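Engineer: Sequence and predicted model, in that order:
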Amino acid sequence: MRIGIPIDNGILCPHFGRCDEFALVDVDETRQIIRQIQITHAPEHEPGVRPRWLIQNGVKIAIVGGIGERA
């Protein structure tokens, strides 16, 4: 399973649309361990772009705050 977490300066960003990066965390559900963490630049902040980008990158769960209706 892959989890997407918006981050800024290495910490959780309280606003989905204003983060500079995302941590893409691969989790082994069976063994209950983190397999890999990939830090990647966030795509531009336009309605619908980030949710589509997360899905295209295999994210099944996103931990977010400050997210608008269109996302």
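Structural biologist: Looks like it arrived, so ask away.
Engineer: Walking through this protein, point out its helices one by one.
Structural biologist: Per DSSP state H, the chain carries helices over the ranges 49-56.
Engineer: Identify the residues contacting residue 23.
Structural biologist: 4-5, 7, 37-39 (CB atoms under 8 Å, 6 or more residues apart in numbering). Heads up, the C-betas are built off the backbone N, CA and C, glycines and all.
Engineer: so how far is residue 47 from it?
Structural biologist: Distance of residue 23 to residue 47, computed by CB to CB, to the nearest Å: 23 Å.
Engineer: Now list the buried members of the contacts of residue 23.
Structural biologist: 4-5 (16 or more other CB atoms under 10 Å).
Engineer: which of the contacts of residue 23 lies closest to residue 52?
Structural biologist: Nearest to residue 52, judged by CB to CB, of the contacts of residue 23 is residue 4 at 12.0 Å.
Engineer: The closest one: what's it in contact with?
Structural biologist: Neighbouring residues of residue 4 by CB under 8 Å, 6+ apart: 22-25, 54, 57, 59, 61-63.
Engineer: Now, the residues you listed that are in strands?
Structural biologist: 22-25, 61-62 (DSSP state E).
Engineer: Most neighbours out of these, which is it?
Structural biologist: When neighbours are counted by other CB atoms under 10 Å, residue 22 leads the ones in strands among the contacts of residue 4 with 25 neighbours.
Engineer: mind listing what it touches?
Structural biologist: By CB under 8 Å, 6+ apart, the neighbours of residue 22 are 4-7, 39-40, 42, 54.
Engineer: Those residues: which two are farthest apart?
Structural biologist: Top of the distance list for these (CB to CB): 39 and 54, 14.3 Å.
Engineer: Any regions of the protein where pLDDT drops low?
Structural biologist: 70-71 (pLDDT under 70).
Engineer: Around residue 20, how many other residues sit close by?
Structural biologist: For residue 20, the count of nearby residues is 11 (other CB under 10 Å).
Engineer: Then the one 10 residues further on?
Structural biologist: Neighbourhood size, residue 30 [other CB under 10 Å]: 6.
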